[in-house]
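K.L.:
Sequence plus predicted model, see below.
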Amino acid sequence: MGTINTIRFSDHSVTAWGGMKLMKDLLDATKIKEELCRLPFPDKGSNRGYEPTQIVECFWTSIWIGAGRFSHSAYLRYDKVLKQIFGWKQAPSQSTYSRFFNKFDWKRNTETFVPLFQWFFNQLQFNNVTLDLDSTVITRYGDQQGAKKGYNAKKPGRNSHHPLMAFIPEVRMIANAWMRPGNTGATSSAKLFLAETLEILSGKKRLVYIKHTPLR
């Protein structure tokens with residue numbers, strides 16, 4: 001006869017995302033939170049507001065567990081074990097994320113993400129890098145900010161974004177990315193984008209090759 005499994009009830013909190021303990025350990029090991037504290041994030045609106053570093057950490061965690069939009073972040077608010085793993089008393093709501101990210105403009109993006117990218121690449125143990133430049137078309141179906149009608153081979157006439165991106169193939173990581181309206185030319189702002197990307201990699205990294213991937 002086979003083994004009879006016994007069903008028992010438990011009053012302990014459970015989660016489907018227990019593997020996030022490994023991500024928490026990774027964040028602690030890299031000390032990235034200390035770096036986040038040095039960045040010029042928008043100030044919280046009140047004494048009861050969330051610290052910017054927690055908003056970012058919760059946002060990352062939402063993405064790691066599969067969130068595709070701000071409303072999916074509600075998973076964190078009701079998962080007691082996840083909050084215990086990361087040491088949060090509460091998790092931000094959808095409106096908190098919206099207010100936080102709406103405070104970012106071009107200037108704040110540059111002041112925040114350029115140093116963060118620099119910090120990241122300075123942690124990697126390699127010197128020579130290949131820079132792969134790419135532009136692409138992202139079709140939009142709603143009313144997203146900056147979406148415009150432009151070149152779109154797959155969905156002609158649809159609003160889109162036309163981002164510029166720079167990759168480091170040696171480590172399969174993005175070095176820089178700019179979101180642009182869909183009606184932007186392929187080479188628009190390319191020199192400024194390249195200059196900022198080279199600034200990001202200006203630490204111990206030596207650029208050995210620049211590669212351009214055609215628009216797709």
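P.N.:
The structure has been received and is ready for your questions.

K.L.:
ok, I55 touching F100?
P.N.:
Yes - applying C-beta atoms under 8 Å, one finds I55 in contact with F100, separated by 5.2 Å. C-beta coordinates here come from the backbone N, C-alpha and C atoms, glycine included.

K.L.:
Would you mind listing the residues touching both of those two?
P.N.:
Counting by C-beta atoms under 8 Å, 6 or more residues apart in numbering, the residues touching both I55 and F100 are P92.

K.L.:
which ones are touching the residue nearest to D43 when sequence neighbours are not counted?
P.N.:
Nearest residue to D43, sequence neighbours excluded (C-beta to C-beta, 6 or more residues apart in numbering): P52, at 7.7 Å. Neighbouring residues of P52 by C-beta under 8 Å, 6+ apart: L36, F41, P42, D43, K44, F100.

K.L.:
I'd assumed F113 was in contact with the second one.
P.N.:
No - distance between F41 and F113: 10.9 Å, which falls outside the contact criterion (C-beta under 8 Å).

K.L.:
ok but T112 is inside a helix, no?
P.N.:
Yes - counting by DSSP: H, G, I helix; E, B strand; the rest coil, one finds T112 located in a helix.

K.L.:
Looks like N159 contacts G146 (just checking).
P.N.:
No - applying C-beta under 8 Å as the test, N159 and G146 come out as separate, 9.3 Å apart.

K.L.:
quick one: least confident helix or strand in this structure?
P.N.:
Of all helical and strand segments in the chain, the minimum by mean pLDDT, DSSP states H and E falls on strand 206-213, at a mean of 67.

K.L.:
Go through the contacts of P52 and flag which are in helices.
P.N.:
L36, F100 (DSSP state H).

K.L.:
Whichever of the contacts of P52 end up buried, select them in ChimeraX.
P.N.:
Applied in ChimeraX, the following selects the buried portion of the contacts of P52 according to 16 or more other C-beta atoms under 10 Å:
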select :36,41,44,100
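
K.L.:
roughly how far apart are the residue nearest to the spatial centre of the chain and W106?
P.N.:
Geometric centre of the chain, nearest residue: W60, 6.9 Å, by C-alpha atoms, centre = their mean. Separation of W60 from W106 (C-beta to C-beta, to the nearest Å): 23 Å.

K.L.:
In stretch 178-197, which of the residues would be classed as buried?
P.N.:
Judged by neighbour count using 16+ other C-beta under 10 Å, the buried positions of stretch 178-197 are W178, M179, R180, P181, G182, T184, S188, F193, L194, E196, T197.

K.L.:
which one of these sits closest to F121?
P.N.:
T197 (10.7 Å; C-beta to C-beta).

K.L.:
for that closest one, what are its contacts?
P.N.:
L131, A166, A175, N176.
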